[in-house]
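>>> I would like the atomic coordinates for the input below:
(one chain, ligands or ions: 1)
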Amino acid sequence: MKKIAIMGAMPEEVAPILEKLGEYKTTKYADNEYYEATYKGVEVVVAYSKIGKVFSTLTASTMIQHFGCDKLLFSGVAGGINPSLKVGDLIVATKLSQHDLDITAFGHPFGFVPEGAVYVDADKEMIAMSKEVASDMGKTVQEGIIATGDQFVANEERKNWIGETFNADALEMEGASVAVVCNALDVPFFILRAISDAADMDASFSFDEFLETSAIISAEFVMKMLDKVIAK
Ligand code: SAH
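Below you'll find the predicted structure:
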């Protein structure tokens, strides 16, 4: 049985998805709202977690362990690191890392804790599907590494450090934590982001200007991914 989780961090990221789903049932659980719908005969659970690693961990875990989702799609916006990623461009995460996880004082690399890993790989099958979706839509999506941390990065120096340290192409605040949860619970996941800013000194202005449009770009792509996943 398929039950698919679709997650964002902020209301703006899930609103365009809920709009496409039409009717849904709202359930309150663990201080959050979950929206349950049937889409093309498949059960779907949608939620926005609130911003950051802790809230996104809680929501991903709830969607899997409480609501029984067995696949997870994330839709949202991110700051671009790779200069080829402009506002509105899409990035599909190949693997994700926590850029603010630091026990380097003990000789470990950034992003690593014992019994963990610096990177968590996203589901290869859904990454492959995203290429088909992109070509169906006549769009280009870039694959790349996403770095996650509990910081809104609006600083060229920090952004470059994250880019160099993790070989990251984009950064945001939820992807890697969702990845850790899904990996631990053996749930295939797909993380998509549309660029809202360049994580530089203008980032907060760019974010405010492009959040809504970039969130829609990401949500439209994720809905096409949902169609593909269901058709499989
Ligand atoms: N404007 C919001 C705060 C947004 S935080 C408020 O005032 O309430 C940024 C959100 O977008 C996070 O969910 C994160 O995942 C993503 N994001 C986009 N650009 C980012 C950047 N430059 N640094 C970190 N996260 C970013």
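>>> Point me to the residue of the chain nearest the ligand.
Nearest residue of the chain to the ligand (CB to the nearest ligand atom) works out as Gly79 at 2.7 Å. For every residue, glycine as well, the C-beta is placed using N, CA and C.
>>> would you say that residue is within a strand?
Yes: assessed with DSSP: H, G, I helix; E, B strand; the rest coil, Gly79 lies in a strand.
>>> In what element of secondary structure is the closest residue to it other than its chain neighbours found?
Using CB to CB, 6 or more residues apart in numbering and skipping the chain neighbours, the partner closest in space to Gly79 is Ala199 (3.3 Å). Ala199 is part of no helix or strand when elements are defined by DSSP states H and E.
>>> At which residues are the strands of the chain located?
Taking DSSP state E as the test, the strands found in the chain are 3-8, 25-29, 32-39, 42-48, 71-80, 90-98, 120-121, 141-148, 170-172, 189-197.
>>> could you dump these to CSV with mean neighbour count?
Conversion of these to CSV gives the following (neighbours: other CB atoms under 10 Å):
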stretch, mean neighbour count
strand 3-8, 24
strand 25-29, 11
strand 32-39, 17
strand 42-48, 21
strand 71-80, 27
strand 90-98, 25
strand 120-121, 18
strand 141-148, 23
strand 170-172, 28
strand 189-197, 28
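>>> Throw these into JSON lines and include mean pLDDT, thanks.
Listed next are the strands of the chain as JSON lines, based on pLDDT from 0 to 100:
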{"stretch": "strand 3-8", "mean pLDDT": "98"}
{"stretch": "strand 25-29", "mean pLDDT": "98"}
{"stretch": "strand 32-39", "mean pLDDT": "98"}
{"stretch": "strand 42-48", "mean pLDDT": "98"}
{"stretch": "strand 71-80", "mean pLDDT": "98"}
{"stretch": "strand 90-98", "mean pLDDT": "98"}
{"stretch": "strand 120-121", "mean pLDDT": "98"}
{"stretch": "strand 141-148", "mean pLDDT": "98"}
{"stretch": "strand 170-172", "mean pLDDT": "99"}
{"stretch": "strand 189-197", "mean pLDDT": "98"}
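>>> Redo these as TSV? Include distance to Met63.
Shown next, in TSV, are the strands of the chain (distance: least, CB to CB, whole Å):
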stretch	distance to Met63
strand 3-8	4
strand 25-29	10
strand 32-39	7
strand 42-48	6
strand 71-80	7
strand 90-98	17
strand 120-121	17
strand 141-148	18
strand 170-172	18
strand 189-197	11
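>>> by how many degrees do the longest helix along the chain and strand 90-98 diverge?
Longest helix in the chain by number of residues (criterion: DSSP state H): helix 203-231. Angle of helix 203-231 versus strand 90-98, following axes from the mean of the first three to the mean of the last three CA atoms, to 10 degrees, is 100 degrees.
>>> Run through the neighbouring helices and strands of helix 203-231.
Secondary-structure packing of helix 203-231 (3 or more CB pairs under 8 Å, 6 or more residues apart in numbering; DSSP states H and E): strand 3-8, helix 11-21, strand 71-80, strand 90-98, helix 124-137, strand 189-197.
>>> Give me the average confidence score over the fifth one.
So that's helix 124-137. For helix 124-137, mean pLDDT rounds to 97.
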